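> sequence unknown, structure follows:
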């Protein structure tokens, strides 16, 4: 079909643009690279292998190496770099753990890949205030390791060991968001370098504030298109006295989801409540020999004092029984819990295990919880109708779920069917009053839906972009669709 | 002192500007009033009594009646009104319950007061999704009355029966924010009319989203300077199975605050934890015959299942004992709880009772919790040194506290001392890494601190304002300080 061919062509062209810019742009870029070399020395690289590494991604987007890769070590260097690139109009795309799922870190219009991984320190930890100040290149697992002796942890857990700057930039969330919130609720303050090199601070270590426009939340989720994050003040949580995990299974996705709705409504403060559909269970069995019956499951976790956890568990079990839950398996030990969540976190590879040699086209949507069963069932029907192998896991307490479609990027016809599937899923989410992404973001892949989801508000997003980055040097080609 | 005289003059001049605009502006305003009369009929009023009502406020700002008051009933009317005012460059200032504490609803540059109280309907309630769609003129108490039969409630409670639109516009919070969050965490989606009359929708009924710039949070806290809110989708909570309240007292503010810090750190999920200083207790005794020993108190509430609440209460009591808490009084019945919180909500009038015939100059700041004792003690010392009667109550779980200074607005010298006090308090908050307002906002009174608190970020706030409201018609004279 024409529009699918156009899409595939477009994605490849975005890569092509970076490699064959107009002659004038190329000269600009070369002179910027010379200036940046003077600034950063060996920490500015144009080596083919380094550029190639920064052009790769975990999903189906074609490789798009940048013109050069910068490895800044200080905010001052980031600021100097942006001043240079701003003057010359050369694109700058931030790069962290490269775990983004909509190509956010790919320099699709060439220019500089700004690798933040050397800015990966914990700058300070404040146990009395339950916060920590970190650099953006630090990963969430490294942060939690650094916090081990403090009795605190950082709860946002998107599965991948993402960089915290990248997590903020894409408004990431994950399995614990139902209880602890997403990056939106867990970033107190930011330091950012704006397009022209100005360094700003937004927010403070105070828990709340009513003093002016909320630039912190404007930067969170902006995918590096409004500013480069160089420091984050993150809320921490005390490690709960008691943590209990469990799984159970249901005869249908509908029963599982209706159990979730009843649980959320009843106010049981679930720490995690994850749906795993029958196809995903098949993947876990194939990849990790999980030995689970191939039926929809819920993976659960409860946090609190021992009495509270016992009470919550009993309340959930009573609700689950009403929806026909079976096979209750408690994971009371640390090892049991770790095994359970490590299985859940292998969803990506377990999905791939269902179709060896293929790659995963991951996508996610989020709907009002009342529409969740309908959305999941529609996704399963669409995948079957299109002949696609597709697993579903979901942060169902938030109404958010992921589909992982097994694809061969070289098979244009299968790619077209996958594209049709993800677009139908996004349409379903919008029809049900939801959003085309709960946590992966827009990046390259979902710009087509910005108008349908936001309508006239899109004009105000463009106004923000023009005001903050009039030359369009920050991660160009992402988030906002090209103007008609 | 010069700067204090300048301040007092400035506040009165802001009122004066509205009354004696330049001749050209006056003609513009008159022609706009004629157009709006054609649009709204009798719902556009220039009657002196109506204008006077809309020029009053609860605190010390001088009366500033608008040129006319509009009473729209639909979003379409708000849009048409803004198109007219935008074309003529006439100011529009939204008006709700007039309970804002920094003069946010005062039309200090004249023009139209947009009274939203006729847009006060609950448009829909969605129990399965725990949300409700409401109009901005609805008050929080009216919403909770409408929800009574549903088993759900809206938790944000700033004390006053504020309008929900106003609460969103000023990023209000209150006693339950420590558990349920502020308006920032409890507004899922908005409909807003922008300066030029365009109607936009931001967010959705889905719990989270990663699709583009967070315009919802940009509008929350913008004090009507970026757009007029015409519809809000609010998160609701299930009414907890068990609610228990209590009070206890401490030998010093320091002991009380250190008890709070230890409690928050230990992860006890407090639903409310409020500090009441010895002067405030004196006010409660004078105003409501509360019969409390004149020592610092904590007012507490616990929400959850019965076992969880018992466990939390015991955990708190054990921590409180370490800090020398005495006089534990549980309020287990609904009546007991209501009496306790009704007393707390009378803080404004109880403060006034300490100095009959005076008005209250309310102010608030928010600091990292570790700095809370220092900030509160400094405020008490400053008030004493300046010879001011001042009570302190605080949402101390968030590090946020209020001072209510008793003033006679006709006593310029006392007003100058009060001004010195509130400015010293704001300086203290900034010195301790906090913010000059946790929940009252900037409005007229705290613009002086915007540069000190935000530094270069203030430039980006101005950029947002210019992009959204280039003619400066939305609540001019608020939030952003005049450009130098």
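Structure received. The model shown is predicted, which means the values in this text are computed figures rather than measured ones. Numbering: from 1, shown residues only, chains lettered A, B, ... in the order given.

> tell me which parts of the stretch 351-484 of chain A are close to chain B?
A:366-370, A:398-400, A:429, A:433-442, A:446, A:449-450, A:453-461, A:463-468, A:479-480 (Cβ under 8 Å from any Cβ of the partner chain). From N, CA and C alone the C-beta is placed, and that goes for glycine too.

> Just the buried ones out of these, please.
Neighbour-count burial (16 or more other Cβ atoms under 10 Å in any protein chain shown) applied to these gives A:366-370, A:398-400, A:429, A:433-442, A:446, A:449-450, A:453-454, A:457-458, A:460-461, A:463-465, A:467-468, A:479-480.

> out of those, which are inside helices?
Among these, the ones falling in helices (DSSP state H) are A:429, A:450, A:453-454, A:457-458, A:460-461, A:463-465, A:467-468.

> Which pair of the residues you listed spans the longest distance?
Within these, A:429 and A:467 form the most distant pair, 29.6 Å apart (Cβ to Cβ).

> Just the residues contacting the helix or strand harbouring residue A:31, thanks.
Using DSSP states H and E, residue A:31 falls within helix A:23-40. Contacts with helix A:23-40, where a contact means Cβ atoms under 8 Å, 6 or more residues apart in numbering or on different chains, come from A:21, A:44, A:46, A:67-68, A:70-72, A:77, A:80-81, A:84-85, A:88-90, A:110-112.

> tell me the mean pLDDT for that helix?
Helix A:23-40 shows a mean pLDDT of 91.

> Okay, buried residues for the strand or helix carrying residue A:281 please.
If you go by DSSP H and E, residue A:281 is part of helix A:278-288. For helix A:278-288, the buried set under the neighbour-count rule, 16+ other Cβ under 10 Å, comprises A:278, A:279, A:280, A:281, A:282, A:283, A:284, A:285, A:287, A:288.

> Then stretch A:297-312?
Within stretch A:297-312, judged by 16+ other Cβ under 10 Å, the buried ones are A:297-305, A:307-312.

> filter the residues you listed by proximity to chain B?
Among those, proximity to chain B is found for A:304, A:305, A:307, A:308, A:310, A:311, A:312 (Cβ under 8 Å from any Cβ).

> What is the helix or strand containing the fourth one packed up against?
Read it as residue A:308. Per DSSP H and E, residue A:308 falls inside helix A:306-322. In terms of contacts (3 or more Cβ pairs under 8 Å, 6 or more residues apart in numbering or on different chains; DSSP states H and E), helix A:306-322 is packed against strand A:242-249, helix A:253-266, strand A:297-304, strand A:326-331, helix B:306-322.

> ok, then the element right after the shortest one?
Elements were assigned by DSSP H and E; along the chain past strand A:326-331, the next helix or strand is helix A:334-345.

> Give me the mean pLDDT for whichever strand or helix holds residue A:168.
Per DSSP H and E: residue A:168 is located in helix A:164-169. For helix A:164-169, mean pLDDT is 98.

> and if you look at stretch A:109-120?
The model assigns stretch A:109-120 a mean pLDDT of 98.

> now the end-to-end length of it.
Criterion Cα to Cα, to the nearest Å; first-to-last residue distance in stretch A:109-120 is 27 Å.

> Give me the buried stretch members for it, please.
Neighbour counts using 16+ other Cβ under 10 Å place A:109, A:110, A:111, A:112, A:113, A:114, A:115, A:116, A:117, A:119, A:120 of stretch A:109-120 among the buried residues.

> Same check on stretch A:470-481?
By neighbour count with 16+ other Cβ under 10 Å, stretch A:470-481 contains the buried residues A:471, A:472, A:473, A:474, A:475, A:476, A:477, A:478, A:479, A:480.

> what's in contact with it?
A:14, A:82, A:85-86, A:89-94, A:103-104, A:108-109, A:111, A:195, A:222-228, A:441-444, A:447-448, A:450-451, A:458, A:461-462, A:465, A:468, B:212.

> Just the buried subset of the residues you listed, please.
Taking 16+ other Cβ under 10 Å as the criterion, what is buried in those is A:14, A:82, A:85-86, A:90-94, A:103-104, A:108-109, A:111, A:195, A:222-228, A:441-444, A:447, A:450, A:458, A:461-462, A:465, A:468, B:212.

> which residue packs closest to residue A:238, ignoring adjacent ones?
residue B:267 (3.6 Å; Cβ to Cβ, 6 or more residues apart in numbering or on different chains).

> Pull the contacting residues for that neighbour.
Contacts of residue B:267 by Cβ under 8 Å, 6+ apart are A:237, A:238, A:239, A:240, A:241.

> can you count the residues close to the last one?
If I follow you right, that is residue A:241. Number of residues near residue A:241 (other Cβ atoms under 10 Å in any protein chain shown) recorded here: 17.
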